[in-house]
Structures are given as structure tokens and as C-alpha cells.
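Novice: kindly return the folded structure for what I paste below:
(one chain, ligands or ions: 1)
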Amino acid sequence: MEDAMQNIVSLAKRRGFVFPSSEIYGGLANTWDYGPLGVELKNNIKQEWWRRFVHRRADIMGIDAALLMNPKVWEASGHLKNFQDPLVECRMCHRRFRPDEIGGISEERPGSWTVPPCPNCGLNEWTDAVQFNLMLKTFLGSTEDAANIVYFRPETAQAMFVDFKNVMDTMHPRVPFGLAQVGKAFRNEITPGNFIFRTREFEQMEIEYFVREKDWEEHFEHWLEEMKLWLKDLGVSEKKLHYVDIPDGERAHYSKRTVDIEYEYPFGQEELYGLAYRGDFDLQNHMHESKVDLTYTNPEDPKDKFVPHVIEPTWGVDRSVLVAMLEAYHEEQAPTARSKSSGQAEEGESATRVVMKFPKWLAPVKVAVLPLSKKDSLNRVAKSLHQKLSERFVCEYDETQSIGKRYRRQDEIGTPFAVTVDFETLEKDDVTIRDRDTMKQERVKIKDVEKTIEKKLYA
Ligand code: GAP
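Specialist: The predicted structure is shown next:
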């Protein structure tokens, strides 16, 4: 199973999706850069999310807040006090771990753990568990003293509570309504790892949905359904998903009900997304700390005043990229692949075809334009077609290597359609369109290529 992870990490590097960060300087542990195809994939996820939950809904608006906020935000939200994980240190090799992540079992006595031997050196000599705060600090200004400490936000959520009054005063929304935000969050994780699964810098897509207290269960169920539909459209198979109701005592400090959406990764079943009922915890605390009134007044009935309760669906962007890649990865033996195709042999094809079967909307490149040979007459037609298609779709032009190798490369990056300009094109004004999944090719007149692809992409 670990091989499945290795396949993704290696394809991500080989094909320009995700690189180890600052690699020419030896890297920086557990930090990753999205390359040209990775950023397209990630943007497709963020844009589709925004389109679906902000643009297509009249009840949700977006914001884009600063990463650094007044430190009082984190006092009020409880993060400075409560946002912590247990940490144990091996007395022999001094490696530090979260005990639950290495198979440790929490004992009855708070803070006490039974921990298996150290995964690094194999010895079983641990310090007592201490609570480690995950907030990442920095200093603003020229002096590094306590008065200048600020924190990188550990979740995008808080800005949506802190900006609540500004949104109410300017946009006058009616409850129920939501605020949405996409952006970076930072956590000083004790044990980051598993590629982009757990990093110290990552991106979230979050909604704070403000409701009347009596209606919270109905909205909670609605958001659970929305998250299921999103996962289906991302191409995630239902059988790998688990919806886990987190019991009392194990939920985040602010939550009255949480469902963790877990996925069977190659390294085990772990959280993918979360859905929480935060009650009025955040608005009440910010109201108390800031002394600013954050009650909502019903514009149709001024006597109807209350502090809204909150349902929070939250999605990790990087984990979305990871599961989309894991689900899309397929290896096919060439004979099987060939029997599905038109029967045409593809020169240069290797015995195993690696193909990323992304849903079409998600594919980083939608169309590749490939002249069969480097002959000027073919290139001229192919370049002009590429130019035209690029106005509508993310498009690649490639004239290097044999056509078979070029098809294989497009399969590996998940391009749904490859348009080939060949010698017949010059006589008949048509090209072939090759389908990534079936490898079948059909001839289409050049004037009809754009609309044929459009139909296939968005049918
Ligand atoms: N505002 C609620 C909140 O932040 P969370 O479960 O701590 O809840 C939300 O985080 C999502 O952010 C997770 O479901 C996961 O997808 C993503 N996430 C959390 N920590 C992460 C990390 N260290 N690396 C990558 N993604 C992470």
C-alpha cells in the first residue's frame, strides 16, 4: 500500500505537480512547492469550490482576510490556551512525537500515555507527555520582544467571526447566511509528514454558516450532504470514505458536534475534511473580549435579536489534491489498453500505461495539440489550432519525441483530450481527437474541434 503513496510522490515530482521545497539547498523538511501542473490542479479545486459555494448560492459571501491578526483574536478564540497536542520525547535519540500518532494509548490519568518503542531508534525511554501549543509565532517590527509577538493564523475561520460586524453593517445579510474563505493556515505540527497530508503550512477552504440555534441540526445535515456531493464530484470513491462522529471529550475545544470525514490513505485511515457545530462559542468570546456588540438583529423585526450559532464545514486544499491524485492514479498493461483503443498501435508506447483519470473539470491541462511530425506544414496548422483552443481551454503544445511517448506523457498528467495534426489534415482539413480513458481516436473537422471538445468536457 505504501507503494501507492510512492507512485504519487514520484509522479508529482517527475511531471511537475509537486516538488520538495528549496530543493537546491537540500530542501526544508516537510515543505512542498506546487509546480506548473500542481498549481493548475489546486486552482481548479479552489475555483470550483468558490463557484459552487459562493457564486452559485445567494446565502454565502466570501472574504479574504490578513494572515496576521491581532493576538487578542487568539486569546478570545481559545487557541493560545487550548490549541495544543501532547508531545513525548525519546530520551535516547531526542526525537519528538505525538504519542497517538505512533500507536500510543492515552491512560485514564489526564496527560498519561503508554507509548510503544521509538520509531527512530527502537528504544523505549520516553519523557512524560507535555502539551505543545501549535501556534506559529513571529515578531512584527524591528524588536523581537513579547510586545511584538503575532501568530500566523492556525485556521481561516476566525477572520470570519472577527469580520462578522463589518459584513453585517455593509451587506445586511439575513440569517441563515454564510461567510467563506480560502487561504493559508499555519500549525507547528509535531509530526508533519506523508507528503502533503500534514504540513506546517497548508491551505483551507472554510465556511462559517450562521444559523438560529434551534435550526442547527437541520443545517448540519445539509452541510454533510453538500460535502458528500463535493467528494463525489472530486472523484473520490464512497467505499474509501468514513464519517466519524467524534465523541465528547475528543472534540476541538469549541465544538458541540463534529463529524470527521476520514479517507483510507495508503498510510491508514485519517481525516480528510471536518464538519463542526461551533455553537455561539466564537461570536460570544469575541464579543466578550472586544466589547463590541456582535448580536444579529432581524431587519424585519427589530425585537428579534440573538447571537447566531455556527455550522462550520471545512476542507483542506492540500488533502483534496492528495486524494484526487490517489484516486486518479491508474496503471494499465498495454495489451489491455490497446484492446480498448481503435486498434491503432501507438509508436513509442511503453508496456505499462500510467494514466491519471481526473474528472475532466479537475484535469490541469484540458487539451494537448500534437503535430505528428516536426514538418513545418504540420506545425503551422497545429500552432494556429493551439492558439485558438488556448482562448477557451488550458492547452499544451508539444512537438518533441515520438507521438506514442507524447500520448503517454499526456496520460500521466491526466489530459482528457489530445488533438493530433497529421498528414491527412493537410488534405482533408481534419484532425484526430484522442480520448485519454478509452484511447479511441475520432476524426473531426478543424472548424468543429473547439465545439466538440467543449461538448465532451462539459457534457
Ligand atoms: N476551522 C476548523 C479547523 O481548522 P481542522 O480539522 O483543524 O479544523 C480543517 O482543520 C482541515 O484542514 C482538515 O480537515 C484538513 O483537511 C486540513 N488540515 C488541518 N491540518 C493540516 C495540516 N497540518 N496539513 C494539511 N492539512 C491540514
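
Novice: please pull out the lowest mean pLDDT helix or strand from the protein.
Specialist: helix 334-340 (a mean of 51; mean pLDDT, DSSP states H and E).

Novice: after it, heading C-terminal, what element do we hit next?
Specialist: strand 352-356 (DSSP states H and E).

Novice: in the protein, what residue is nearest the ligand?
Specialist: Closest to the ligand within the chain is residue 316: 2.1 Å, counting by CB to the nearest ligand atom. All C-beta atoms are positioned from the backbone trio N, CA, C, and that covers glycine.

Novice: settle this for me: that residue is touching residue 263, isn't it.
Specialist: No: judged on CB atoms under 8 Å, residue 316 makes no contact with residue 263 at a distance of 10.7 Å.

Novice: which neighbours do the two have in common?
Specialist: Residues touching both residue 316 and residue 263 by CB atoms under 8 Å, 6 or more residues apart in numbering: residue 272.

Novice: just so I have it, where are all the helices in the stretch 301-450 of the chain?
Specialist: 317-328, 334-340, 376-390, 403-413, 423-428, 449-458 (DSSP state H, counting those that start in this stretch).

Novice: distance from the chain centre to the shortest one, please.
Specialist: The reference is to helix 423-428. The chain centroid and the centroid of helix 423-428 are separated by 44 Å under CA atoms, centre = their mean, to the nearest Å.

Novice: just to be sure, residue 165 is in a strand?
Specialist: No: going by DSSP: H, G, I helix; E, B strand; the rest coil, the assignment for residue 165 is helix, not a strand.

Novice: list the contacts for it?
Specialist: With contacts taken as CB under 8 Å, 6+ apart, residue 165 has the following neighbours: 292, 293, 294.

Novice: from residue 168, how far off is the first one?
Specialist: Looking back up the chat, that one is residue 292. Using CB to CB, to the nearest Å, residue 292 is found at 11 Å from residue 168.

Novice: more crowded one of those two?
Specialist: Shown here are residue 292 and residue 168; by other CB atoms under 10 Å, residue 168 has more neighbours (17 against 11).

Novice: helix or strand: which one has that one?
Specialist: In this structure, residue 168 sits in helix 164-171 according to DSSP H and E.

Novice: adding distance to residue 75 and mean neighbour count, write the helices of the stretch 301-450 of the chain out as TSV.
Specialist: Below are the helices of the stretch 301-450 of the chain laid out as TSV (distance: least, CB to CB, whole Å; neighbours: other CB atoms under 10 Å):
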stretch	distance to residue 75	mean neighbour count
helix 317-328	28	22
helix 334-340	59	13
helix 376-390	50	16
helix 403-413	46	20
helix 423-428	67	13
helix 449-458	48	15
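
Novice: comparing the ones you listed by mean pLDDT, which bottoms out?
Specialist: Mean pLDDT values for those show the minimum at helix 334-340, a mean of 51.

Novice: what's in contact with the longest helix along the chain?
Specialist: Scanning the chain for the longest helix, with DSSP state H as the assignment, gives helix 216-233. The contact list for helix 216-233, computed with CB under 8 Å, 6+ apart, reads 48-49, 52-53, 176, 207, 209, 211, 238, 241, 243, 257, 259, 261, 273, 275, 277, 279, 309, 311, 313, 315, 359, 361.

Novice: and the angle for it with helix 317-328?
Specialist: 50 degrees (axes from the mean of the first three to the mean of the last three CA atoms, to 10 degrees).

Novice: and helix 216-233 with the ligand, contact?
Specialist: No: contact of helix 216-233 with the ligand (CB under 6 Å from any ligand atom) is absent, the minimum separation being 10.6 Å.

Novice: and the chain, which of its residues are near the ligand?
Specialist: 155, 157, 187, 189, 198-199, 202, 204, 206, 271-274, 312, 314, 316, 318-319.

Novice: among these, which lie within helices?
Specialist: Per DSSP H, the subset of the residues of the chain next to the ligand in helices is 157, 318, 319.

Novice: low-scoring pLDDT stretches of this structure, where are they?
Specialist: Low-confidence segments of the chain, defined by pLDDT under 70: 1-2, 334-350.

Novice: hmm, 50 instead?
Specialist: Counting by pLDDT under 50, the ranges of the chain that qualify are 336-337, 339-341.

Novice: can you list the domains in it?
Specialist: 2-67+151-325, 334-458 (automatic domain parsing).

Novice: tabulate the ones you listed (TSV), appending distance to residue 76.
Specialist: Below are the domains of the chain laid out as TSV (distance: least, CB to CB, whole Å):
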stretch	distance to residue 76
domain 2-67+151-325	4
domain 334-458	38
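
Novice: residue contacts, the most centrally placed residue in the chain?
Specialist: Centroid check for the chain by CA atoms, centre = their mean gives residue 317 as the closest residue, at 1.9 Å. Applying CB under 8 Å, 6+ apart, we find residue 317 in contact with 42, 45, 46, 182, 202, 203, 204, 205.

Novice: just residue 252 next, same as before
Specialist: Residue 252 neighbours (CB under 8 Å, 6+ apart): 258, 276.

Novice: three-state assignment of it?
Specialist: coil.

Novice: quick thing: my sequence starts at 748, can you match it?
Specialist: Understood, numbering begins at 748; the last thing we discussed is residue 999.

Novice: quick check: phi and psi at it.
Specialist: Backbone torsions of residue 999, given as degrees, to the nearest 10, read phi -60, psi 160.

Novice: just residue 803 next, same as before
Specialist: The phi/psi pair for residue 803 (degrees, to the nearest 10) is phi -90, psi 0.

Novice: how many residues are close by it?
Specialist: So residue 803, with other CB under 10 Å, has 9 neighbours.

Novice: and for residue 1114?
Specialist: Residues near residue 1114, counting by other CB under 10 Å, number 27.

Novice: for it, what are its contacts?
Specialist: Contacts for residue 1114 (CB under 8 Å, 6+ apart) come out as 1136, 1140, 1141, 1142, 1143, 1162, 1163, 1164, 1165, 1166, 1200.

Novice: for it, give its distance to residue 1181.
Specialist: According to CB to CB, residue 1114 and residue 1181 sit 10 Å apart.

Novice: please apply the same query to residue 766.
Specialist: From residue 766 across to residue 1181, the span is 29 Å (CB to CB).

Novice: compare the two (neighbour count), which wins?
Specialist: Higher neighbour count among residue 766 and residue 1181: residue 1181, with 26 against 15, using other CB under 10 Å.

Novice: who does the more buried one form a beta bridge with?
Specialist: Taking DSSP bridges as the rule, residue 1181 bridges to residue 1165, residue 1188.

Novice: is it true that it touches residue 1162?
Specialist: No: in terms of CB under 8 Å, residue 1181 does not count as a neighbour of residue 1162; the distance is 9.6 Å.

Novice: no further questions, thank you.
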